[in-house]
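In: After the sequence you'll find the predicted model.
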Amino acid sequence: MAGGKRSDTTKNAMFLRIITKSLKVRKNRVFITFFSIMIGAAIITALASVYFDISAKMSRELRAYGANFFIGPSAASGSRTVEAATIDNAVEMVPADKLTGASPYVYGVVRLDLGNAVMTGVDFAGLRRLSPYWQVEGKWITADFDDESCMIGKTLAKNMELKIGDSVTVMRNETGFQKSLVVKGIAETGQAEDEQIFVNLPLAQKILGMEGKANHAMLSIVTEGTDIDGLAKRMADSYPGLDAKPIRKVSSSEGKILDKIKGLMAIVAVIILTVTTLCVMTTLITVVSERTREIGLMKAIGADDREIVRQFIAETLVIGFAGIAAGLVVGFLLAQVLGHAVFGSAISLRLIVLPVTLIPSVAAALLAAVLPVRMAVRVVPAQVLKED
């Protein structure tokens, strides 16, 4: 019994010595294999890190292109307005970390110095987050209590011959309200807003005689990780008479863009794994050719095919795990470079990246060893030793 244990210990010690010597003697081949696996693992790590972060990153990036959620009176209510407080309560149902921006809107026709125009009452802080793509000459209105200033669309400013700092008189015949406002900013949007005048919501409600009311609200919500349809249903159920719904065209476009980017990344990962497998396979085939005599001698002194396979697989795994460990570090650093270059922010480290990198990389390394191992097993000791 003791003799059997000593024999196993001796075999294991010899096995480790052979592997260690093999790795030391063939440093160039080992380095090529290590480098190939490291590059493959690094690229997969980088792509996987970006892949699992891209939905949130891209969803937030796409929020720069406008609102994707609507809240307003339902058709069944028969009203064109809804209580502004109800809209505020509905907006509070959106998780704070998912809400990029929101603003209620009040519309009405008013008379300016040179003609009629559509006046829009908004929350300027929310509007600025909703529409960061607006090109504004001058400044945004930043204070909710500023009822002395306005912003004007570029087309309306041109038609009314208004410039930054000019005064414009706003009149509403139905309410008899009249007020002089200073043009603080001129906005160019490329849309209908270019022909509107914008004032703070409370001022617009007062001018139009719609205190406490709003026509609707627009929201910009990060869709990644958000059940946006479920959110709309909860809002409608909580506030009867309220219509809440995602803007399908925008949401659908976001989904298509994300799917295409993810598909492209998956294809690149498969190509990299294939190239890595071929590189490792070619290197291992060369190693087997160089070690033909060594393999023949091992077989001649009693090593069976299982031990030969075990040795080559063990050597491949040692190099493979070392390459994968280095690749994980390099890949995460590469992901940070991609994150800052594309999204202007860091990529989060997610634990799921570890198995996503480890499993395919190990599988690629083992697959690359199949043909070389078969060549090693087929070595005939008599032929090799006869040549010596």
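Out: Looks like it came in fine. Numbering: from 1, shown residues only.

In: Which element, helix or strand, includes Arg111?
Out: Using DSSP states H and E, the secondary-structure element containing Arg111 is strand 99-112.

In: next one: that strand to chain centre, how far?
Out: Strand 99-112 has its C-alpha centroid displaced from the chain centroid by 31 Å (Cα atoms, centre = their mean, to the nearest Å).

In: Report all helices and strands that it contacts.
Out: Secondary structure elements in contact with strand 99-112, counted by 3 or more Cβ pairs under 8 Å, 6 or more residues apart in numbering; DSSP states H and E, are helix 84-91, strand 115-122, helix 124-130, strand 167-172, helix 201-208, strand 213-214, strand 216-221. The way it works is simple: take the backbone N, C-alpha and C, and place the C-beta from them, glycine included.

In: Out of those, which gets nearest to Lys245?
Out: Evaluated over the helices and strands packed on strand 99-112, closeness to Lys245 peaks at strand 216-221, with 10.7 Å, by Cβ to Cβ.

In: any residues touching that closest one, and which ones?
Out: Contact with strand 216-221 is made by 63, 66-73, 82, 87, 90-91, 94, 98-105, 129-130, 228, 231, 246, as judged by Cβ atoms under 8 Å, 6 or more residues apart in numbering.

In: Quick check: ChimeraX command selecting the buried ones in those.
Out: To isolate in ChimeraX the members of those that are buried, counting by 16 or more other Cβ atoms under 10 Å, one can use:
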select :63,66,67,68,69,71,72,73,82,87,90,91,94,98,99,100,101,102,103,104,105,129,130,228,231,246
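
In: can you list the domains in this structure?
Out: The chain resolves into domains spanning 10-61+256-387, 68-246 when parsed by automatic domain parsing.

In: Turn the ones you listed into CSV, columns for mean pLDDT.
Out: Written out in CSV, the entries for those read as follows (pLDDT from 0 to 100):
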stretch, mean pLDDT
domain 10-61+256-387, 79
domain 68-246, 89
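
In: picking that back up, now the strand holding Arg111 against strand 115-122, angle please.
Out: Orientation check (axes from the mean of the first three to the mean of the last three Cα atoms, to 10 degrees): strand 99-112 against strand 115-122 gives 150 degrees.

In: okay, the angle between strand 99-112 and helix 201-208?
Out: Using the same axes, to 10 degrees: strand 99-112 against helix 201-208 is 30 degrees.

In: With just CA atoms, put strand 99-112 into CSV.
Out: What follows is strand 99-112, C-alpha atoms only, in CSV (Å, rounded to 0.1, in the frame of the first residue of the first chain):
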residue,chain,number,x,y,z
LEU,A,99,-35.1,59.6,-15.5
THR,A,100,-32.9,61.7,-17.7
GLY,A,101,-35.3,64.7,-18.0
ALA,A,102,-39.0,65.6,-17.9
SER,A,103,-41.1,68.7,-18.5
PRO,A,104,-44.9,69.5,-18.6
TYR,A,105,-46.1,71.6,-21.5
VAL,A,106,-48.8,74.2,-21.8
TYR,A,107,-49.7,75.6,-25.2
GLY,A,108,-51.7,78.6,-26.4
VAL,A,109,-51.8,81.3,-29.0
VAL,A,110,-50.7,84.8,-27.9
ARG,A,111,-50.2,88.1,-29.7
LEU,A,112,-46.7,89.5,-29.9
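
In: residue ranges for the helices of this protein, please.
Out: Chain-ordered helices for the chain, with DSSP state H as the definition, fall at 2-25, 27-62, 84-91, 124-130, 154-159, 201-208, 228-238, 248-290, 292-300, 305-342, 353-377, 381-387.

In: Could you provide the ones you listed in JSON lines, with additional columns for distance to Arg172?
Out: As requested, the helices of the chain are exported to JSON lines (distance: least, Cβ to Cβ, whole Å):
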{"stretch": "helix 2-25", "distance to Arg172": "86"}
{"stretch": "helix 27-62", "distance to Arg172": "38"}
{"stretch": "helix 84-91", "distance to Arg172": "19"}
{"stretch": "helix 124-130", "distance to Arg172": "20"}
{"stretch": "helix 154-159", "distance to Arg172": "17"}
{"stretch": "helix 201-208", "distance to Arg172": "5"}
{"stretch": "helix 228-238", "distance to Arg172": "32"}
{"stretch": "helix 248-290", "distance to Arg172": "33"}
{"stretch": "helix 292-300", "distance to Arg172": "96"}
{"stretch": "helix 305-342", "distance to Arg172": "48"}
{"stretch": "helix 353-377", "distance to Arg172": "59"}
{"stretch": "helix 381-387", "distance to Arg172": "102"}
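
In: With that, I have no additional questions.
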